[in-house]
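Colleague: Attaching a predicted model along with its sequence, questions to come.
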Amino acid sequence: MTVRMPGAWQDRGMRIYLVGGAVRDALLDRPVVDHDHVVVGAMPDDLLALGYRPVGKDFPVFLHPDTGEEYALARTERKTGRGYHGFVFQADATVTLEQDLARRDLTINAIARDEHGALTDPFHGVRDIEARVLRHVSPAFVEDPVRVLRVARFAARFAPLGFTVAAETMALMQQMVRDGEVDHLVPERVWAETRKALTEPQPSAFLRVLREAGALRVLFPEVDALYGVPQRAEFHPEIDTGVHVEMVLDAAAKLAPRNDLVGFCALTHDLGKALTPADALPRHIGHEHRGVAPLRQLAARLKVPTEHAALAEAVCREHLNAHRAFELKPATVAKLLASLDALRRPARLDVFLAACMADKRGRLGHEGDAYPQADYLREACAAAAAVNASTFVAQGLAGPAIGAAMERARIDAIATVKTKLPAS
């Protein structure tokens with residue numbers, strides 16, 4: 001992959017480099033989705049004169065007039081306060097490529113490629129790609145608390161390739177947590193990084209890295225509280241509830257790749273187990289109801305989207321009913337479907353069932369278990385949805401009588417589906 005250098009750039013003494021994820025992913029033989037560029041030796045007016053469109057107010061970033069790809073002026077940054085907003089930036093023609101790369105988070109993201117394909121790699125990112133290591137670029141890493149989340153997110157992406165966090169980088173992250181830097185992260189940024197992590201192939205690594213850094217108890221205390229909580233071995237050979245949630249997250253990533261809605265439901269489905277009275281352990285009777293309050297607390301604190309919060313609550317409250325679907329009375333199945341609004345919005349049922357199936361498979365030795373409950377509940381939903389009000393209008397019913405008749409008919413339709421189930 002090379003970068004074409006238009007004559008106008010050379011005439012003005014400017015150089016452009018492909019940077020960041022595009023270079024990293026090409027070196028990893030992964031698909032390159034976004035192409036980001038850094039411009040050295042330029043001022044904003046130089047790009048404006050070439051037709052580039054400025055975006056944002058905080059950074060000197062421009063969009064290519066034809067491709068829409070991002071071109072950012074090389075810049076340096078200096079810490080001036082707490083949190084990730086506390087920075088002053090310098091972007092002008094005197095900033096070098098090496099200075100721009102030095103402000104980046106990880107060495108694997110601090111590699112540039114010029115128009116001839118030559119790499120600039122002052123922090124040995126290529127070596128770390130080969131060694132499968134996530135390593136910070138410089139001590140300035142500690143100045144931006146978002147980087148704790150980013151490292152955890154990259155771990156979720158690259159763990160399947162064997163990447164681990166360098167010991168010295170983990171030590172810096174732990175120091176950032178002790179210094180209170182993570183406390184200053186705004187909810188929107190925490191959710192944005194979490195949402196991305198939930199779309200990665202191994203989101204369990206996100207939790208493990210945050211937990212090792214000490215950040216999980218700060219940002220997700222409801223999830224952190226699950227670690228060390230025992231479950232009944234006959235149902236959960238992995239025993240530890242935190243480990244179970246990790247396994248459920250990874251199962252969800254396989255069942256519904258890049259679906260952060262399913263992922264969030266998987267993350268929060270068992271929060272009630274942290275609230276089980278000690279004298280009741282390892283049983284967790286009623287945990288599905290106890291989990292609603294901490295789920296609402298987490299969703300409100302992180303400003304989670306309404307649909308994510310609503311479906312996660314449904315999974316938390318009803319996942320045991322999904323597991324025992326064959327034992328439920330048709331009327332109870334009808335209530336379950338109604339609670340999901342599944343007759344009008346069948347896609348909600350798909351999310352619910354994916355999260356429930358992930359819960360079933362997120363157990364040691366059960367990773368490949370079948371989940372016939374999903375087919376049954378989909379058939380029951382389709383049968384109930386086929387009940388039409390016009391049938392009862394034709395019979396002369398009106399008002400509330402139509403609704404009552406439809407409810408009875410839907411229960412009967414579900415009962416018919418149940419009679420066709422194979423004998424257990």
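Modeller: Yep, it's here.

Colleague: Can you name the residues in contact with stretch 186-198?
Modeller: For stretch 186-198, contacts defined as C-beta atoms under 8 Å, 6 or more residues apart in numbering pick out 83-84, 146, 149-150, 152-153, 156, 203, 206, 219, 249, 253, 260, 263-264, 267, 301-304. Where C-beta positions appear, they are placed from N, C-alpha and C, glycine not excepted.

Colleague: buried set for it?
Modeller: For stretch 186-198, a neighbour-count test (16 or more other C-beta atoms under 10 Å) marks R189, V190, W191, E193, T194, R195, K196, A197, L198 as buried.

Colleague: quick one: which of the residues you listed sit in helices?
Modeller: Assignment to helices by DSSP state H places the following of those there: R189, V190, W191, E193, T194, R195, K196, A197.

Colleague: Can you say which two of those residues are spatially most distant?
Modeller: Farthest-apart pair in those is R189 and A197; separation 12.6 Å (C-beta to C-beta).

Colleague: for the buried residues of stretch 186-198, which one is nearest V333?
Modeller: L198 (29.0 Å).

Colleague: out of the contacts of stretch 186-198, which are buried?
Modeller: Counted by 16+ other C-beta under 10 Å, those give 83-84, 146, 149-150, 152-153, 156, 203, 206, 219, 249, 253, 260, 263-264, 267, 302, 304 as buried.

Colleague: Got phi/psi on the residue positioned nearest the centre of the chain?
Modeller: In the chain, the centroid-proximal residue (C-alpha atoms, centre = their mean) is L198; its distance is 2.1 Å. Taking degrees, to the nearest 10, you get phi -70, psi -10 for the backbone angles of L198.

Colleague: Looking at it now. What's its pLDDT?
Modeller: Here the pLDDT value assigned to L198 is 98.

Colleague: which intervals of the protein have sub-threshold pLDDT?
Modeller: For the chain, the stretches flagged by pLDDT under 70 are 1-12, 56-58, 78-89, 423-424.

Colleague: Next one: the residue lying closest to P346 once chain neighbours are set aside from H269, what distance?
Modeller: Leaving aside its sequence neighbours, P346 sits nearest to C381 (C-beta to C-beta, 6 or more residues apart in numbering; 6.4 Å). Distance check for C381 against H269: by C-beta to C-beta, to the nearest Å, it reads 20 Å.

Colleague: Of the two, give the one with the bigger neighbour count.
Modeller: H269 (31 against 26; other C-beta atoms under 10 Å).

Colleague: ok, the more buried one - contacts?
Modeller: V245, V248, G291, A312, V315, C316, H319, A355, D359.

Colleague: What values do phi and psi take at it?
Modeller: According to degrees, to the nearest 10, H269 has phi -70, psi -20.

Colleague: That one and F158: what is the separation?
Modeller: From H269 to F158 the distance is 26 Å (C-beta to C-beta).

Colleague: One more: V151?
Modeller: 11 Å.

Colleague: ditto for L172
Modeller: In terms of C-beta to C-beta, L172 sits 19 Å off from F158.

Colleague: between these two, which one's more packed in?
Modeller: For L172 versus F158, neighbours defined as other C-beta under 10 Å are more numerous around F158 (23 against 19).

Colleague: And the strand or helix carrying that one, what does it pack against?
Modeller: F158 belongs to helix 146-158 when assigned by DSSP states H and E. Contacts defined by 3 or more C-beta pairs under 8 Å, 6 or more residues apart in numbering; DSSP states H and E place helix 146-158 against strand 133-134, strand 164-165, helix 167-178, helix 187-197, helix 204-213.

Colleague: With L397 as the reference, name the closest of these.
Modeller: Nearest of these to L397, taken as C-beta to C-beta: helix 187-197 at 46.4 Å.
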